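**Student:** Sequence plus predicted model, see below.
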Amino acid sequence: MTLFRKAANRILGLLRSIAGRVVLAANRLRYHLFFKSIPDDGEFCNSKRIRVYKKPANGRKHRPYLAIIRCGANHRLIDDRTERKFDIALNFYASPNDRDLLDGCEYSYSGGINKYKAAHQFLDKALLEKFRGFIFLDDDLEMTYSALNGFLEYCEANQFKLAQPSLTRDSFYSHGYLLQASRSGWRPVPMVEVMCPYFSSAALRVALNTFDLSYSTWGLDFIWPRLLALEPVVVDGFTIKHSRPVGGPETDSPFYVYMRGIGVSPGKEKYRLQNLPDEKVRALAPRKA
């Protein structure tokens, strides 16, 4: 009886796996045929292409750094009445619930499949030349303006190419080595997470081509250290709080429901990028003129 149960469970597992692959394949086909190409004027949603709504007037003096935040109704970057050293670009996948959100940023754009595919379309040569450093934030990350100012200036002063703030000890997290380990300083780490990486302008020019490689963003953080030929660093002297539980591909987390809805397996994307041959990784860097 036990052998029969084991055999039946294996068969059921195989059938579930096949059914899951069929559903993902059908959703991929539906995505390619019917997914929204570009947001309508005034619309905030996911789409294949972005629509830019706001950018500064020509000639306006810009700040040294740019913070790009992929957000829905709101984000958790905290205005503590400190003068910002960074401009803000908001990439909306849903309608903001507060007009002040739109008024308080320098750039806004709607659409894209994820934060990086959208940024790949948004970041042009002029923007890459304008700012000295860039940070890419999810909307469930808590950090004050003053702390972000300090982090960005610290990264530039130490000539970091790829870094992130450490996570507060009360954060939801996936990698324990990214939690704050001391009150100051920095440490080399195997990778920084896609939810809050900092790139110097020079490093971003090299890494930007990778932003279009993953629908789920899984695997990108494994590519960047190889492409840039460096050890990323986590800065313990500045912290950021991840305020929402970590989801997963099989959960009901809205992002992973969305991924399944467009036929994407984050695990397969991560495996593919982790195992990309060295010559293909090197080929991702832009050729010098």
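**Tutor:** Thanks, I have it. Residues are numbered from 1 along each chain as shown.

**Student:** all contacts plus neighbour counts: C-alpha atoms, from now on.
**Tutor:** OK.

**Student:** Where do the strands of the stretch 101-250 of the chain begin and end?
**Tutor:** For the stretch 101-250 of the chain, the strands defined by DSSP state E, counting those that start in this stretch cover 107-111, 133-138, 141-144, 162-167, 186-188, 198-200, 233-242.

**Student:** Which among those is found nearest to residue 42?
**Tutor:** strand 107-111 (8.8 Å; CA to CA).

**Student:** Which elements pack onto the closest one?
**Tutor:** strand 50-54, strand 86-92 (3 or more CA pairs under 8 Å, 6 or more residues apart in numbering; DSSP states H and E).

**Student:** again, 10 Å this time
**Tutor:** strand 50-54, strand 65-71, strand 86-92, helix 115-122 (3 or more CA pairs under 10 Å, 6 or more residues apart in numbering; DSSP states H and E).

**Student:** How far does that strand sit from its chain's centre?
**Tutor:** 15 Å (CA atoms, centre = their mean, to the nearest Å).

**Student:** can you check stretch 243-262 too?
**Tutor:** 14 Å.

**Student:** thinking again about what came up before, can you list the strands of the stretch 101-250 of the chain in TSV and add mean pLDDT?
**Tutor:** Below are the strands of the stretch 101-250 of the chain laid out as TSV (pLDDT from 0 to 100):
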stretch	mean pLDDT
strand 107-111	97
strand 133-138	98
strand 141-144	98
strand 162-167	98
strand 186-188	98
strand 198-200	98
strand 233-242	98
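
**Student:** any idea which of these is most buried?
**Tutor:** strand 162-167 (a mean of 27; mean count of other CA atoms under 10 Å).

**Student:** Just want the angle from that one to strand 133-138.
**Tutor:** 50 degrees (axes from the mean of the first three to the mean of the last three CA atoms, to 10 degrees).

**Student:** gap between strand 162-167 and the chain center?
**Tutor:** 13 Å.

**Student:** about what we covered before: mind checking the strands of the stretch 101-250 of the chain for the one nearest to residue 84?
**Tutor:** Taking the strands of the stretch 101-250 of the chain one by one with CA to CA, strand 141-144 is closest: 10.0 Å.

**Student:** Show me what the closest one is in contact with.
**Tutor:** 69, 75-82, 84, 150, 165, 167-168, 171, 195-196, 238-244 (CA atoms under 10 Å, 6 or more residues apart in numbering).

**Student:** From residue 245, how far out is residue 113?
**Tutor:** Residue 113 is 21 Å from residue 245, where distance means CA to CA, to the nearest Å.

**Student:** nope, residue 18 is what I meant
**Tutor:** 29 Å.

**Student:** Any regions of the stretch 151-289 of the chain where pLDDT drops low?
**Tutor:** 288-289 (pLDDT under 70).

**Student:** For it, just list every one of the helices.
**Tutor:** 201-207, 220-228, 254-261, 266-274, 278-283 (DSSP state H, counting those that start in this stretch).

**Student:** Mean neighbour count, those helices: which tops it?
**Tutor:** It is helix 220-228: most buried of these by mean count of other CA under 10 Å, with a mean of 20.

**Student:** What helices and strands are in contact with that one?
**Tutor:** strand 162-167, helix 201-207, helix 266-274, helix 278-283.

**Student:** switch to 7 Å and redo it
**Tutor:** Judged by 3 or more CA pairs under 7 Å, 6 or more residues apart in numbering; DSSP states H and E, the packing partners of helix 220-228 are helix 266-274.

**Student:** on contacts alone, who are the packing partners of the helix it packs on?
**Tutor:** Helix 266-274 sits against helix 220-228, with contacts defined as 3+ CA pairs under 7 Å, 6+ apart.
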